[in-house]
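> Could you work out the structure for the sequence below:
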Amino acid sequence: MASKRLLHHRNIGIMAHIDAGKTTVTERILFITNKIHRTGEVHDGAATMDYLEEEQKRGITIQSAATSTQWKDTTINIIDTPGHVDFTAEVERSLRVLDGAVAVFDGVQGVEAQSETVWRQADRYKVPRICFINKLDRVGADFDKAVRTIIDRLGARPVTLQMPVGAEKAFRGLVDLVEMRYYEFDDGSSGKVFTEMPIPEDLLEEAKMRRHEVCEHAAEFDEKLLDLFVEDQPVEAGMLKAALRKGTLAMEITPVICGAALKDKGVAFLLDAVIDYLPTPVDVDAVEGTVPGTEEKITRGTNEQEPVCLMAFKTIAEQTGDLTFIRVYSGVLEKGVTLYNPRTTKRERIGRILRIHANKREPIDRLECGDIAAVIGLKNTITGDTLCDEDNPIALSKIQFPDSVISMSIEPKNNQDRDKLGEVIGKMMREDPTFRATTNEETGELVISGMGELHLEVLCNRIQNDHKCEVITGKPKVAYKQKLGRTVETEARFVKQSGGRGKFAVVTVRFEPTEDPTKVFEFVDGTRGGTVPKEFVPSVSHGVEQAVSGGGRHGYPYVGVKAVLLDGKYHEVDSDQLSFEQAGILAFRQVAETNSVLLEPIMKIEVRVPEEFIGSVVGDLNSRRGEISEVDVQGDLRVVRGLVPIAEMFAYSSSLRGSTQGRGSFAMELHEYRDVPRNLAEKILAQG
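So this is what the prediction gives:
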C-alpha cells in the first residue's frame, strides 16, 4: 500500500509561453508559503529560480529549476520550466516525470504560440493541469477572452472556478464560484492580504449563473450531483470539488482560476487549487516499462514495498561530478545503495541525495517513491536513463526530444584550448539532449547544432563565461536533412584481393522511402537460403545505418530510409563482418548519389504587431517563402500565424524591430520538414 504521506504530496510544473509570468508565479508561491522572505523580480535578474548568469542577464528562464515547499499540510515539488521554444527540451523532460501542471496565460494575450506547444507536450505525457490567467491588472486584460482562446486554440474544455472583480488597474478581488464567497484584496500593493466576505448584491446574479455552468460541467462526473443539478437543488461545495477533481484527473476538463502574480493576487487560491484538483503520486497510473532486452511489458506502482525504480530526467555537469535530477517511481532510495542501469548494463552507486531549492541544496538520507530530488555520484547515467533494482530490472520508456534545426562551426581562439573545448562540449551535451556536436570528416571542423539562434548563442556564451574557454563561431546554418526520392534496388560488391586473405562481400539491397519520416532507419532481412550468413546480416544493417546517418557526399543525414536485404554472396575464407559492413555502406552510397531529395525545417510562426504595420509584416513574410494561414485581431494588435522556412528567418528579430519601430514580437517552433524547391536545392548543394 502507498503511505498516507503520498496523499499530501504534489509534483507539479509551471509551464507557459515566454513572458506569461511562470517564474513570477513560482516566486510568489515560495513567498506565500514562507519558503523565501522577500521576492526577487525577473526583470531585475533577481528571481530565485533564474539563478544562471544568462537567465539574469536576459530576464528569461533557460533551464528548468526545481524547488519544494509546504502549503497547509501538503508538500509541493515545483519545476519552473522555460517558455522560449529554443529550450523546449527542458519542458519535455520535466513533464515526463511530473504528475500535474499549472498552465499560466497572460490575461491580455491569452494562448500564445509556445502555450500550444507545452499544452501538446502535457497531452502527450497525460499530465492533468489547471489554468492560471495571470496579469489581470494589466491594461487590456480580459479574463473571459483569455478563456475563449483556451477553447479556440487548444481545443480544451476550461471550467472557470473564479470570477474576477474589477479589471486592469481596478482588479480588486475575485468570487470563488465553488464556495460562493467573495475575496477582496488589500488596498496596498500586495494581494497576500485579502478579506473574505459575502458576495456583493451587484455581483450575485452573475456569480449564480457562472456557478450553474460549473455545476453543469461537474455533473458529468457524479451521478448524485447530476440528480441535484437536474432538480435545480443546491450543490454542496465539497461534492462539487470532488466531481471537478475527478474530471480534471481524467483530463476531461481543466479548472481555470485567475490573479495577478506580480502583486501576489490570487496565488494563495492557486495553491489551494493545486491541492484540490491536481493528482497525488497515487492518482497517476502505474509507470510502464519493459524487461531489459525484451519487449515484455511490466509496471511499477507508487508503492514503497515494490523494488526501487527511478528515472534520471536532467543532468547538470559540475566540477565535483554530475548532479542528476531523479523521480522515484517505486520503492525507497537509500543513500549509498547500488542500482542497475539497463541501458549501459552497469551498476551505479548513489553517493549523496539532495533536496533542491533552485541553486541551494539540502542533504537527505532517503527518498521515498513519488518524490523528486537530485543525486551526486552517477558516472554513466544520462537524461532518460532508468535506474532500478538489479534483481528486478525494468527499463522505462525514453524521453523523446525534437531534432535540432540550426548548426554552426565552432573552434577555440587558442589552439591549446582545443582539448578543453571538447571536454566542455561533452559536458553540455550531457546536460542538454537537444545540443549536438559532430566533427565534419572532410574539413575537420567542429559543428554544433541546436534548437535555434538563441539556443546556440546562450550555449556559446556559457562556454566562454562559465567555462572560461574563448571561441570563434561561424555563421549559423540550417540543419538540412535528406530522403530518398524513389524505391531503388542495387547490387554492391566489396571485393579486394591483394595476396593472402582478401575481402569479399556482395549484397543486393532494395531501398525505399518510408511513409513516416520521423523513423530514421528501418532494416529488413529478406534473404532466403542462407545467401548471406546470419552472422553477417547485422554487419550489413550497421553499414547501411552508418551511411544513412553520415549523409553521403553533402553530409546532411537521411531520414525515412527502409533497407531490405534481398540477396548476396559470400566467400568461405575472404568474407568477414567488415566486408559486409563496407558492402552495406557502398550499397547506400550507390543509391543516394542520384536519388536524394533535400529537406528543410519549416517553422510555425506567430507575429504580433500593431495594426499599422500589418501590411509590411505580411509582405515581408511572403518574400521569405512564408505561407500565412490566419491574421487574428487581439485588441490593438494583429496576430499573424503561418509557416516559413527557417533558412529565411536568420536575424528576423532585427528586421521585425526595424519595420515595426520596435513594437513587434514573434515566436516560432519546428512544424515539419519539407522538400526544398529544386532550384534552391541545387544552389544549397552546390555551396556544400
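
> which residues are contacting the helix or strand harbouring P164?
Here P164 sits within strand 162-165, counting by DSSP states H and E. With contacts defined as Cβ atoms under 8 Å, 6 or more residues apart in numbering, strand 162-165 is touched by 136, 143, 171-177, 182, 184, 203, 206-207, 210, 256-258, 266, 269. (C-beta placed from N, C-alpha, C; glycine too.)

> C-terminal to it, what's the next element?
Counting by DSSP H and E, the next helix or strand C-terminal to strand 162-165 is strand 173-176.

> For that next one, which helices and strands make contact with it?
Contacts defined by 3 or more Cβ pairs under 8 Å, 6 or more residues apart in numbering; DSSP states H and E place strand 173-176 against strand 162-165, strand 181-185, helix 201-218.

> average pLDDT for the shortest one?
Just to be clear, that refers to strand 162-165. Averaging pLDDT along strand 162-165 yields 95.

> For it, which strands pair with it and how are they oriented?
When pairs are called by DSSP bridges, strand 162-165 turns out to pair with strand 173-176 (antiparallel).

> which one of the helices and strands packed on strand 173-176 is the most hemmed in?
Compared across the helices and strands packed on strand 173-176, strand 162-165 shows the largest average neighbour count, a mean of 23 (mean count of other Cβ atoms under 10 Å).

> Output that one as PDB, nothing but the C-alphas.
Coordinates of each C-alpha in strand 162-165 appear next as PDB, following Å, rounded to 0.1, in the frame of the first residue of the first chain:
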ATOM      1  CA  GLN A 162     -13.500  32.000 -10.200                       C
ATOM      2  CA  MET A 163     -14.900  35.300 -11.400                       C
ATOM      3  CA  PRO A 164     -12.500  38.300 -11.300                       C
ATOM      4  CA  VAL A 165     -13.900  41.500  -9.900                       C
END
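
> how far is it from where the chain is centred?
Distance of strand 162-165 from its chain centroid, counting by Cα atoms, centre = their mean, to the nearest Å, is 32 Å.

> residues in contact with V139?
V108, E168, K169.

> Can you tell me the element the first one falls in?
Element membership for V108, per DSSP H and E: none, as it lies in no helix or strand.

> what kind of secondary structure is G13 in?
strand (DSSP: H, G, I helix; E, B strand; the rest coil).

> That one is in contact with T67, isn't it?
No - G13 lies out of contact with T67 (Cβ atoms under 8 Å); the separation is 11.7 Å.

> shared neighbours, those two?
I78, D80.

> Dump the contacts of V139 to JSON lines, plus distance to E196.
Output for those, formatted as JSON lines (distance: Cβ to Cβ, whole Å):
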{"residue": "V108", "distance to E196": "28"}
{"residue": "E168", "distance to E196": "24"}
{"residue": "K169", "distance to E196": "23"}
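
> out of those, who's nearest L598?
Comparing these against L598 with Cβ to Cβ places V108 closest, at 41.3 Å.

> Enumerate every residue touching that closest one.
Taking Cβ under 8 Å, 6+ apart, we find V108 in contact with K135, R138, V139, G140, A141, D142, A146, G635.

> is the nearest residue to I372 once chain neighbours are set aside in a bridge, and if so with what?
Of all residues not flanking I372 in the chain, N77 sits nearest, at 4.6 Å (Cβ to Cβ, 6 or more residues apart in numbering). Bridge pairing for N77 (DSSP bridges) gives the partners N11, S68.
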